[in-house]
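Peer 1: quick one, structure for this:
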Amino acid sequence: MTPRIRELIEDMYETMYEAHGVGLAAPQVGILKRVVVIDVMDGNPLTLINPEIIYEGGEQIDDEGCLSIPGKLAPVKRPMYVHCRAYNEKMEEFVVEAEGLLARAICHELDHLDGVLYAARALGPLRDVEEE
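Peer 2: Predicted coordinates for the structure are as follows:
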């Protein structure tokens, strides 16, 4: 991994943690690279470089928020399970099998790589977080 990519990933984790988020995509911080970082606080932070979903199944509906639309939530339907192929920081290919919140976070962040915000997938209007 180049020093520049390493620095980008470190900066992304720092930004995500400062904002109390569980995921961040490089385009959210003005970097046009297919890189996402995710930490659902399970002790396994995840860096995905050039990720792609190769399998999805099941369904879950839950509220999502986003660092790109601060202070808002909306229900979004996502797969319950995903298998995602990506490269790690050493540019080694791997597959992550995820379910629940991690599957949701992967789908949410990969949407950012394709220019899609969760609001476009919302099943209802965006609500203020303060309403909760």
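
Peer 1: just the element for Pro70, please.
Peer 2: strand 69-78 (DSSP states H and E).

Peer 1: what residues does that strand touch?
Peer 2: Residues from elsewhere that reach strand 69-78 (Cβ atoms under 8 Å, 6 or more residues apart in numbering): 59-66, 103-104, 107-108, 117-119, 121-130, 132. (Each C-beta comes from the backbone N, C-alpha and C, glycine too.)

Peer 1: now the buried members of these.
Peer 2: Among the contacts of strand 69-78, those classed as buried by neighbour count (16 or more other Cβ atoms under 10 Å) are 60, 64-66, 103-104, 107-108, 118, 121-122, 127.

Peer 1: among those, which ones are in helices?
Peer 2: Of those, the ones assigned to helices by DSSP state H are 103-104, 107-108.

Peer 1: got those as a markdown table, with distance to Leu8 and pLDDT columns?
Peer 2: Converted to a markdown table, these look like this (distance: Cβ to Cβ, whole Å; pLDDT from 0 to 100):
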| residue | distance to Leu8 | pLDDT |
| --- | --- | --- |
| Ala103 | 25 | 98 |
| Arg104 | 24 | 98 |
| Cys107 | 22 | 98 |
| His108 | 20 | 98 |
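
Peer 1: for the top helix by length along the chain, packing partners?
Peer 2: As assigned by DSSP H, the longest helix anywhere in the chain is helix 3-18. Packed against helix 3-18 by the contact rule (3 or more Cβ pairs under 8 Å, 6 or more residues apart in numbering; DSSP states H and E) you find strand 23-25, strand 35-38.

Peer 1: note down every partner strand of the first one and its orientation.
Peer 2: Pairing partners of strand 23-25, with direction, according to DSSP bridges: strand 35-38 (antiparallel).

Peer 1: now the partner strand, how far from the centre of its chain.
Peer 2: 6 Å (Cα atoms, centre = their mean, to the nearest Å).

Peer 1: with stretch 69-81 instead?
Peer 2: Remark: stretch 69-81 is offset 11 Å from the chain centroid, using Cα atoms, centre = their mean.
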